[in-house]
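**Q** This is a predicted model, with the sequence first.
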Amino acid sequence: NAGVTQTPKFQVLKTGQSMTLQCAQDMNHNSMYWYRQDPGMGLRLIYYSASEGTTDKGEVPNGYNVSRLNKREFSLRLESAAPSQTSVYFCASSVLLKNSPLHFGNGTRLTVT
Amino acid sequence: GNSVTQMEGPVTLSEEAFLTINCTYTATGYPSLFWYVQYPGEGLQLLLKATKADDKGSNKGFEATYRKETTSFHLEKGSVQVSDSAVYFCALSGDSGGSNYKLTFGKGTLLTVNP
């Protein structure tokens, strides 16, 4: 029972490089999310997709783009990485019902040098 | 806007000690409140939730009561175990007509339980 799977687990980039973080869920959830976790900051929402075919900005969208490829997959792209984007990135999914829990992946630790 | 304030960590306890992690919130309307737990190297997972005032959420010996009068949702456990060592996040979901995506998290509290 995989749940939410994120790849890669670790990544090191140089400033200006690009990369895509992949996320897939096998729970038939409608909604998917990308968060970043930084020390002393908690989790902050980057982008979300309430349902297949829609995406919206969260609290900290600058420097990122997303694609909801299908119901299962939601990718996060950094076009030109910056040191400020060094963080742990979490993908999550949920059913589209109020108060239903978020199911999180195990995260991608990204370092930008 | 919505915000969540939880007690600064880290918190270090001995096994079988009583745990309280304070959480207060600011929100309009009637938010739902959650506690999530993050074990080392893993993503967050839901620990418990409460959706209306005076509700008590409970799971795995943890409890929290939704107190609208004090805008609080403190996490408690009567006797902690080493396996409870983790980071605990308080969160709220805004009263925005049925969607989850406006989940606001606190900064997290690291709990370490020593044998």
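**A** Sure, I can see it.
**Q** which residues does residue 64 bridge with?
**A** With no chain named, the answer covers chain A. In this entry, residue A:64 is beta-bridged to residue A:78, by DSSP bridges.
**Q** oops, I was thinking of chain B
**A** Here residue B:64, judged by DSSP bridges, has bridge partners residue B:57, residue B:75.
**Q** Show the contacting residues for it.
**A** By CB atoms under 8 Å, 6 or more residues apart in numbering or on different chains, the contact list for residue B:64 reads B:23, B:33, B:35, B:48, B:50, B:56, B:57, B:58, B:73, B:74, B:75, B:76. From N, CA and C alone the C-beta is placed, and that goes for glycine too.
**Q** which residue is nearest the centroid of chain A?
**A** The centroid of chain A falls nearest to residue A:34 when counting by CA atoms, centre = their mean (2.8 Å).
**Q** any idea how far chain B is from that residue?
**A** Distance from residue A:34 to chain B, counting by CB to the nearest CB, to the nearest Å: 11 Å.
**Q** Check residue A:51 too.
**A** In terms of CB to the nearest CB, residue A:51 sits 10 Å off from chain B.
**Q** Let's verify that residue: helix, strand, or coil?
**A** Under DSSP: H, G, I helix; E, B strand; the rest coil, residue A:51 falls in the coil class.
**Q** Could you pull up phi and psi at it?
**A** Main-chain dihedrals, residue A:51, degrees, to the nearest 10: phi -160, psi 160.
**Q** Each with direction, which strands does the strand or helix carrying the residue nearest to the centre of chain A pair with?
**A** Applying DSSP states H and E as the criterion places residue A:34 in strand A:31-38. Sheet pairing of strand A:31-38 (DSSP bridges) gives strand A:42-49 (antiparallel), strand A:87-94 (antiparallel).
**Q** low pLDDT regions in the chain?
**A** Here I'm looking at chain A. Counting by pLDDT under 70, chain A shows low-confidence ranges at A:1.
**Q** that's the other chain; I wanted chain B
**A** Residues of chain B that meet the cut-off, pLDDT under 70, sit at B:95-102.
**Q** Tell me which residue of it lies closest to chain A.
**A** residue B:43 (3.1 Å; CB to the nearest CB).
**Q** Count the neighbours of the nearest residue to that residue once chain neighbours are set aside for me.
**A** Of all residues not flanking residue B:43 in the chain, residue A:104 sits nearest, at 3.1 Å (CB to CB, 6 or more residues apart in numbering or on different chains). Around residue A:104 there are 23 other residues, counting by other CB atoms under 10 Å in any protein chain shown.
**Q** Just the buried residues of the contacts of residue B:64.
**A** B:23, B:33, B:35, B:48, B:50, B:57, B:73, B:74, B:75 (16 or more other CB atoms under 10 Å in any protein chain shown).
**Q** Was I right to think the third one contacts residue B:49?
**A** Yes. In this structure, residue B:35 is within contact of residue B:49 by CB atoms under 8 Å, at 7.5 Å.
**Q** Next, show the common contact partners of those two.
**A** residue B:57.
**Q** which pair in the contacts of residue B:64 spans the largest distance?
**A** The most widely separated members of the contacts of residue B:64, counting by CB to CB, are B:23 and B:58 (15.4 Å).
**Q** what's the burial count for the residue lying closest to residue A:36 once chain neighbours are set aside?
**A** Spatially, and ignoring its direct neighbours in sequence, residue A:36 is nearest to residue A:87 (4.4 Å; CB to CB, 6+ apart). Close neighbours of residue A:87, defined as other CB under 10 Å, add up to 21.
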